[in-house]
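J.: With the sequence up front, the predicted model follows.
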Amino acid sequence: MNDTVLIVGAGPVGLTMALELARYRVPVRVVDQMTERAYTSRAVALWPRTLELLERAGDGLSADLVTRGNRVTVAHIIAGTEPIARIELKDVVTPYPFVLMLPQSETEGVLGDRLAEHGVWPELGMRLVDFTRDDTGITATLHHADGSEEMTRFGWMVACDGAHSVVRHRLGLAFDGETRGDDWGQGDFHMTGVPFPVNEFATYWHEEGPVVLFPMAPGRYRLIVGLGTSTGPAPTTPSFEEFQAILDRRGPGGIQLQDTVWTSAFRINERQVNSYREGRVFLAGDSAHVHSPAGGQGMNTGMQDAINLAWKLALIIRGLSTAPALLDSYDPERRAVGAGVIAASGRLTRMATIQNPIARRIRNAVAQFVLGLAPVQHALEGSMTETSIRYDDSPLNGVSWEAGPRAGSRMPPIEGEVPYGAGDTPRFTLRAGAWAEEPPVPLGDLVDLAIRPNPVDGGIELVRPDGYLAISVADGEWEPIIAYLDHFRPAPARPATE
Ligand SMILES: Cc1cc2nc3c(=O)[nH]c(=O)nc-3n(C[C@H](O)[C@H](O)[C@H](O)COP(=O)(O)OP(=O)(O)OC[C@H]3O[C@@H](n4cnc5c(N)ncnc54)[C@H](O)[C@@H]3O)c2cc1C
């Protein structure tokens, strides 16, 4: 049986996928058609939930990212000179109560270095041109940079090949949605005169279109500007002078661009694939969903796709489970999250680009009131930081004990503890109250041996390797947990009663 996983694409999602599988001791090959690594900035925001989940891949991985980036804890929305909202991230319950601003190239660099520690290096200049698939694997045709071609057999394939995914096309999957008509320009600039501290970012709503300023380092900012609708075949990147003029008209005034690090333009697409899985082929990241960059969640959502899939695939490939439910759960869990991100980022974009003056006045008044309400602020913090992502309707959810969180909830990492799902084998984690009875039978190797204390006394919780609650029961009620684990265990069933 060929167990090697072919990962197509060495962007942030492919690298995350490769790192998660490699550290779980699953053989991988990562190919990318680019002949050298991309050194441009692109996505700049790493949100708390992504940092929580990445930390599982190795002690200090997220700390390493954090030391390279800029921590931003406050988001402002301003219409003209009128403050509309101030959203604080510092109260979010997470070890990372901030959004980390870091160029995508650096995020990819850190992931690539960690991957190399597991003896895996992406093969650059290697393009997937075709593949066939059957019940036992995939035969891939790979085109080398020197023009030669290779046909190789793999057990599984994960398409992390971006928005124009060849894999998605070859599978004939629909990528439904729309191309919005509005264009955007963005760039990283050194600038002076920004009237807020380096740990705050601001969105300016303006009748001509929004302007967003993200501080990446003292004196260096990501500037994003709405360019309105266009009919051209592709969006045109504004010149240095045009960026400056837009900033002067729509921003707070007094900001001076010094020099350009990188610029680009994009047109917003809102699309999602109709299935994240076809047999032994999975789609993750931009190959499965694209949307407005408002909220900066594209890359983060893709990386979390990879983290969701990796432990399930590792359990199957390592023979620790044979349950079809594991891999079947990837599509419903992640498609629901992707749809939510598309809807939320689309709403934010539409709100920021309202043109009608009366509608704008109403928007400002309503937003000022609503965004001032504590529950709304709390909900917004949760969705921005992706800490409110949960799998309420997951087919993997067991029962929920009434006094604790529901199955599918995010279980935040606890300071001083090894993260859920760390190490070289994906295992569930048990939390039990101080007075909980021992399980009546050994729980086997799907579960970490060490039972951790449950801060909510009186309940037993089983946490998935990706830090979501699988099942919870009252103290002493081991049977549902034993049955839950039996469901995933390969035959023969659990070890005999001692
Ligand atoms: C100019 C630009 C600016 C952006 N700005 C932002 C931003 O501000 N905020 C934000 O959230 N997102 C932004 N994005 C989007 C963000 O970069 C993506 O969401 C993220 O890169 C998705 O990661 P991915 O790994 O899924 O795909 P990608 O990063 O697109 O990686 C796909 C990889 O697959 C490779 N590949 C494709 N086809 C094949 C093949 N047949 N064989 C082998 N290899 C193949 C490609 O070479 C590429 O390296 C930006 C993107 C661009 C291009």
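T.: All right, it came through fine.
J.: Please save the CA atoms from the lowest-mean-pLDDT helix or strand in the chain in PDB.
T.: Least confident helix or strand of the chain, by mean pLDDT, DSSP states H and E, is helix 357-370 with a mean of 80. Extracted in PDB, the C-alpha atoms of helix 357-370 (Å, rounded to 0.1, in the frame of the first residue of the first chain):
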ATOM      1  CA  PRO A 357     -24.900  59.300   0.600                       C
ATOM      2  CA  ILE A 358     -28.200  58.700   2.600                       C
ATOM      3  CA  ALA A 359     -27.400  55.000   3.000                       C
ATOM      4  CA  ARG A 360     -23.900  56.000   4.100                       C
ATOM      5  CA  ARG A 361     -25.300  58.300   6.800                       C
ATOM      6  CA  ILE A 362     -27.600  55.600   8.000                       C
ATOM      7  CA  ARG A 363     -24.800  53.100   8.000                       C
ATOM      8  CA  ASN A 364     -22.600  55.400  10.100                       C
ATOM      9  CA  ALA A 365     -25.300  56.000  12.700                       C
ATOM     10  CA  VAL A 366     -26.300  52.400  12.900                       C
ATOM     11  CA  ALA A 367     -22.700  51.100  13.000                       C
ATOM     12  CA  GLN A 368     -21.700  53.600  15.700                       C
ATOM     13  CA  PHE A 369     -24.600  52.400  17.900                       C
ATOM     14  CA  VAL A 370     -24.400  48.700  17.200                       C
END
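J.: Spell out which residues of the stretch 51-200 of the chain are next to the ligand.
T.: Within the stretch 51-200 of the chain, the residues that sit near the ligand (CB under 6 Å from any ligand atom) are 104, 127-128, 160-162, 166. Where C-beta positions appear, they are placed from N, C-alpha and C, glycine not excepted.
J.: how does it look with 5 Å?
T.: 127-128, 160-162, 166 (CB under 5 Å from any ligand atom).
J.: nearest to residue 47, of these?
T.: residue 160 (19.1 Å; CB to CB).
J.: contacting residues around the closest one?
T.: 7-11, 13-14, 17, 284-285, 287, 302, 306 (CB atoms under 8 Å, 6 or more residues apart in numbering).
J.: How about residue 78?
T.: 84, 202-205, 252 are the contacts of residue 78 under CB under 8 Å, 6+ apart.
J.: Let me see the mean pLDDT of the longest helix anywhere in the chain.
T.: When the chain is parsed with DSSP state H, its longest helix is helix 330-352. What helix 330-352 shows for mean pLDDT is 90.
J.: Check which helices and strands that helix sits against.
T.: On a contact count with 3 or more CB pairs under 8 Å, 6 or more residues apart in numbering; DSSP states H and E, helix 330-352 meets strand 175-192, strand 256-273, strand 289-290, helix 298-317.
J.: right, so of those, which gets closest to residue 111?
T.: helix 298-317 (8.9 Å).
J.: Can you pull the poorly scored residue ranges out of this protein?
T.: 1, 492-498 (pLDDT under 70).
J.: domain ranges for it?
T.: What automatic domain parsing lists as the domains of the chain is 5-44+103-174+274-350, 177-269, 391-498.
J.: Would you mind finding the most buried of these?
T.: domain 5-44+103-174+274-350 (a mean of 20; mean count of other CB atoms under 10 Å).
J.: Determine how far the last residue of it lies from the first.
T.: 40 Å (CA to CA, to the nearest Å).
J.: how distant is it from the center of its chain?
T.: Relative to its parent chain, domain 5-44+103-174+274-350 has a centroid offset of 12 Å by CA atoms, centre = their mean, to the nearest Å.
J.: For the residue nearest to residue 123 when sequence neighbours are not counted, list the residues it contacts.
T.: Nearest residue to residue 123 in three dimensions, chain neighbours excluded: residue 31, at 4.9 Å (CB to CB, 6 or more residues apart in numbering). Contact partners of residue 31, counting by CB under 8 Å, 6+ apart, are 6-10, 122-123, 126-128, 142.
J.: Just checking, which helix or strand succeeds the helix or strand harbouring residue 31 along the chain?
T.: Following DSSP states H and E, one finds residue 31 within strand 28-32. Later in the chain than strand 28-32, the nearest helix or strand by DSSP H and E is strand 45-46.
J.: With that, I have no additional questions.
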